Structure formats: C-alpha cells, structure tokens
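J.: Sequence and computational prediction follow.
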Amino acid sequence: MEEQSTQEKPNTETALPDQVVTSDSAIPEEELERLTRDLIAAMKSVYDPEIPVDIYELGLIYKIDINDDRDVNIDMTLTAPGCPVAGEMPGWVENAAGTVEGVRGVVVNLTFDPPWDISMMSDEAKLELNIF
C-alpha cells in the first residue's frame, strides 16, 4: 500500500483544494477527482453544533490524503481544544467520509497544530457569520 506524498500537487486541469493530497496516484485521474469532490461534499455535511457553518468551510479540515488502496486519512482540528464535541466530531467526519462510494477505509486524526483561527475560514463562512 503506497502512501501519497504530501509535498507535491497533482498535474490536473482542475485544481484540487490544498487540503487534498493526490500526487503520484495510481488511481485514474477522473476517479480521483470524483473521490475528492465526494469527500469534500461529505465534509460539508458535518457541522459544528455551535456554529451554523460546515466544518470544511470553517477550515477545520487540514488534509485529506487518498492512497492507492482508496484508504482516506483526514487531518482535522476543532475551533478550540475544549470544544464540547471534541470526542464526537472526528467520528462524525469518519462516518461522513465512509459513505463516499469507492472509499475503502477512513482514519481521522485530530490535531491542534497549527491552532485554528478565523483566518482559516472560507470567504463563504465569513460571509455567513458576518465576519469581515
């Protein structure tokens, strides 16, 4: 089982988000792009219960790594280490990613390095929360 490099970006016509690591993949490009779209959609279905914005737009997903065996490794954080759902949210993310067709397995790693701050939010999330 070959892990994908976290240093290189794929050469594709459609730019993939920075969080998705796909370089040098043995998975056909079209399938890899579909997996990526579907995984991002799955992440967008998970919400922080205290903030009405999905975790992907909040910037809580640091990396989605898809290896050649279609195992997915997700690095994520929380808005704060003392988040009341700290013990539950990684499971929500694992369950959501596990529903994506073609994904064999999912591992979610919780990290606080770097610590999350509002600059990691997408413009859409900032607009939704009136943060400018």
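T.: Sure thing, it's come through.

J.: alpha carbons only for contacts and neighbour counts from here, please
T.: OK.

J.: Now the helix or strand harbouring R34 - C-alpha only, CSV.
T.: According to DSSP states H and E, R34 maps onto helix 29-43. Only the C-alpha atoms of helix 29-43 are listed here, as CSV (Å, rounded to 0.1, in the frame of the first residue of the first chain):
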residue,chain,number,x,y,z
GLU,A,29,-7.4,11.0,-12.5
GLU,A,30,-11.1,11.0,-13.3
GLU,A,31,-11.9,8.7,-10.3
LEU,A,32,-9.6,10.7,-8.1
GLU,A,33,-11.4,13.9,-8.9
ARG,A,34,-14.7,12.2,-8.2
LEU,A,35,-13.5,10.9,-4.9
THR,A,36,-12.2,14.3,-4.0
ARG,A,37,-15.5,16.1,-4.9
ASP,A,38,-17.5,13.5,-3.0
LEU,A,39,-15.2,13.6,0.1
ILE,A,40,-15.5,17.4,0.2
ALA,A,41,-19.3,17.1,-0.1
ALA,A,42,-19.2,14.6,2.8
MET,A,43,-17.1,17.0,4.9
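
J.: how far is that helix from where the chain is centred?
T.: Distance of helix 29-43 from its chain centroid, counting by C-alpha atoms, centre = their mean, to the nearest Å, is 11 Å.

J.: and the residue most central in space within the chain, bridged to which residues?
T.: The centre of the chain sits closest to I61, judged by C-alpha atoms, centre = their mean, with a distance of 4.1 Å. Per DSSP bridges, the residues bridged to I61 are M76.

J.: Check what pLDDT it gets.
T.: As predicted, I61 sits at a pLDDT of 97.
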